[in-house]
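**Student:** pasted the sequence and its predicted model underneath.
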Amino acid sequence: MQKENIMPDESRLNKINEDFVKKGAGEITEVDLDEVQGKSEEIRSKFERGGPLQRFIEDGKLFLSLIRDYSKGEYRKIPWWAIAAVVFTLLYVFNPFDLVPDVLPVIGYVDDSAVFVLCLALVEQQLREYKEWKTTLS
C-alpha cells in the first residue's frame, strides 16, 4: 500500500488569496454566524494555545466580540459582507481539516494564518470603526 503524501503542495497554499476569502464569505449564512457564536470559546482557545495563530490573539478576540455584538443587534454599522468574511475566517481557522490539515506541525497553521491576515486586510476599516465604537462604551 502506497502512503499518501500529507505534506501540502504549493498549489494548495496558492489557492489562499483575497478571492478565496471573498468567495467563502459569499457562502456564509445566519446559521454560520450562530455556529461561530456557539463555538466562540473553542475558537478563542485555538488562538491562545500558542503557535503561529497566537500573534493574532487580540484580533481574534476582536473578531469574536464583533460577531457577538452583531448577533445581539448592538452593533449593526457594518456591512454583511464584512461580517461574513469574519465568520468565514473564524470557521476556517476552527476547522482542523482545511486546505492544509492542522495536524501537520507548524505548516498546518500557515493556511489559517494566511486566511486570517487576508480577512484583516479586507475588513480593516470596518474593524477600526468597530473598535472606536467599542471604546466609546467604556
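**Tutor:** Received the coordinates, thanks. Numbers count the residues shown, from 1 in each chain.
**Student:** for residue 81, give me its contacts.
**Tutor:** Listed by C-beta atoms under 8 Å, 6 or more residues apart in numbering, the contact set of residue 81 reads residue 25. Using the backbone N, CA and C atoms, a C-beta is placed for each residue, glycine as well.
**Student:** in terms of helices and strands, where is it?
**Tutor:** Using DSSP states H and E, residue 81 sits in helix 80-94.
**Student:** and for residue 74?
**Tutor:** With DSSP H and E as the test, residue 74 turns up in no helix or strand.
**Student:** so who does it touch?
**Tutor:** Residue 74 neighbours (C-beta under 8 Å, 6+ apart): none.
**Student:** so how far is residue 137 from it?
**Tutor:** 9 Å (C-beta to C-beta, to the nearest Å).
**Student:** same thing with residue 62?
**Tutor:** In terms of C-beta to C-beta, residue 62 sits 14 Å off from residue 137.
**Student:** please apply the same query to residue 41.
**Tutor:** 22 Å.
**Student:** residues contacting the residue nearest the centre of the chain?
**Tutor:** Nearest to the mean C-alpha position of the chain, counting by C-alpha atoms, centre = their mean, stands residue 89 at 2.4 Å. The contact partners of residue 89, by C-beta under 8 Å, 6+ apart, come to 21, 63, 115, 116, 119.
**Student:** determine which two of those are furthest apart.
**Tutor:** 21 and 63 (13.0 Å; C-beta to C-beta).
**Student:** compare the two (neighbour count), which wins?
**Tutor:** Set residue 21 next to residue 63 and count neighbours by other C-beta atoms under 10 Å: residue 63 wins out with 28 against 24.
**Student:** grab the nearest non-local neighbour of that one.
**Tutor:** residue 86 (5.0 Å; C-beta to C-beta, 6 or more residues apart in numbering).
**Student:** now swap in residue 90 and tell me
**Tutor:** residue 36 (5.0 Å).
**Student:** let me know the helix or strand that the one you found is in.
**Tutor:** Here residue 36 is assigned to helix 30-38, by DSSP H and E.
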